[in-house]
Structure formats: structure tokens, C-alpha cells
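[1] Fold the stuff below for me.
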Amino acid sequence: MPVLVITGTGTEVGKTVTTAAVATAAVAAGRSVAVLKAAQTGVRPDERGDADEVARLAGAVATAELARYPEPLAPGTAARRAGMAPVHPHEVAEAAAKLAAEHDLVLVEGAGGLLVRFDAAGGTLADAARLLNAPVLVVASAGLGTLNTTELTARELRSRELELLGVVIGSWPRSPDLACRCNLADLPEVAGAPLLGALPAGAGALPPAQFRAVAPGWLAPRLAGTWDAEAFRVRNAP
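    Model (predicted):
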């Protein structure tokens, strides 16, 4: 798995912190890691972006960012409004392939969900994943509503004949409600793919050294971690 594409079921689901956790676990397993942010929106040129945040938390990873747009909008819309060149899926694929020639693992982080548009032609992260023939990791929210968005994402991946590696819950609440607890069993069923981790709420606020020490414990062995999905389900059973 030289390239892994990481998408969310929407915005603010914990995609960047999950990317940092996957990078941390891979580095701890002895792999060299690069993180590619396909398009960064809503960030000024002098501000830290998502790739910078991954590097801050994960440590020894290389980072690259293809484009940055000032308004917090879909990349295609943000590029058009800023009068800037958009990012195209083939550019994402080419950049990831180049990084893969120099690193053991390349994590390609999208913007928002799988079908957020990059350009006027309707190019998406799914198109880049197809060009790369790369598996996709889906980051989902924990609570009510997540089953619908997760299943829609999984169906779209299957319709494009893309591999859904699994689902990670991007922010598991300290006091999970009934919906969260039930979703531990339902998420892998609607996705047709395993649950590969659950990050605790507030994980991104941990000091980097502490984040690196504990992050592998949030992810399943498929992602070079030690997290046990069945034990987690039993512990949080409704």
C-alpha cells in the first residue's frame, strides 16, 4: 500500500487528525511517510495548513500542498472566486506518485468529502484515487446521521470500483450516547468494510510527544496500530 487516500464523509469529521494518527503509526512501524494535501482552502498564505498540522503532530513526515485558496469553500469554487488555477485530479495523482517513489507510504488527504469538486470539469478526490489505483480510508463522525453519509460514500467508492480500506471514527466522544454506541456495530455493516479505529475527542489538542506515544492505540493493525475493534465495541455496548 504505497499510497492511501484519506477522505471524510463531510467536513469537520476529524480527517486531518486521523491522517496524523495514521502517519504516526506508520512512522512508529519504521516506514518513511509523506503527506500530500490536495487542496487547502480557508487558509491565508502565512497560516499553517492541514499538512503542517499533520507534521506538527506526527513529527518525521514529509509534506506537500498542491494549492491554497483563501476562502473556506470547495476547492473548485474557492479557486474560481480567487481567480486562481484549480487543482486537477491528474495533478494530485502525479504528485502522489512522485512522493511514492521516495517514501514507503504516501497519505493523500482530500478536502471535505469524496465528491467535493476540484475543478470546473467536476474532478474529485475519487478521480485521483482511481488514477492512482489507491485504496481509500473513510473518516466518519460518531453520532446520529453518520450511517447515511458513510453508506453513501461507500456506495460511490464501489460504483467506481475503488477499494474501501475501512472506516475510522474521527472523534469518539468522552460520553458517547446511544446512537454512537449502536453505530460501532452498524458502521462496518453499512460501509461493507471494517472499522479500523476511533480517535478520542480532542486528540489533536494533545502535545505532539503525547500524541505520538498514544496514536497507534487508536488504530487497528491494518493501519499499523494496536486498536481492537471488537474489544472497543464490547466496552461501549449499548
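[2] For the chain, give me the ranges with low pLDDT.
    Along the chain, segments meeting pLDDT under 70 span 1.
[3] In it, what residue spans correspond to helices?
    15-28, 50-58, 75-82, 89-100, 125-132, 146-159, 178-191, 208-214, 229-235 (DSSP state H).
[4] what's the offset of the fourth one from the middle of its chain?
    On the basis of Cα atoms, centre = their mean, to the nearest Å, helix 89-100 is displaced by 17 Å from the centre of the chain it belongs to.
[5] quick one: buried residues of it?
    Neighbour-count burial for helix 89-100 flags Pro89, Glu91, Val92, Ala93, Ala95, Ala96, Leu99, Ala100 (criterion: 16 or more other Cβ atoms under 10 Å). All C-beta atoms are positioned from the backbone trio N, CA, C, and that covers glycine.
[6] you'd agree the fourth one is up against Ala128?
    In other words, Ala93. Yes: between Ala93 and Ala128 a contact is recorded at 5.0 Å, counting by Cβ atoms under 8 Å.
[7] wait, Leu105 sits on Ser32?
    Yes: between Leu105 and Ser32 there is a contact under Cβ under 8 Å: 7.3 Å.
[8] For these two, work out which one has more neighbours and name it.
    Between Leu105 and Ser32, counted using other Cβ atoms under 10 Å, the more crowded position is Leu105 (22 against 14).
[9] Distance of that one relative to His88?
    Separation of Leu105 from His88 (Cβ to Cβ, to the nearest Å): 24 Å.
[10] What of Val5?
    Distance from Val5 to His88, by Cβ to Cβ: 16 Å.
[11] Quick check, Arg44 in contact with Pro70.
    Yes: Arg44 is within contact range of Pro70, at 6.1 Å (criterion: Cβ under 8 Å).
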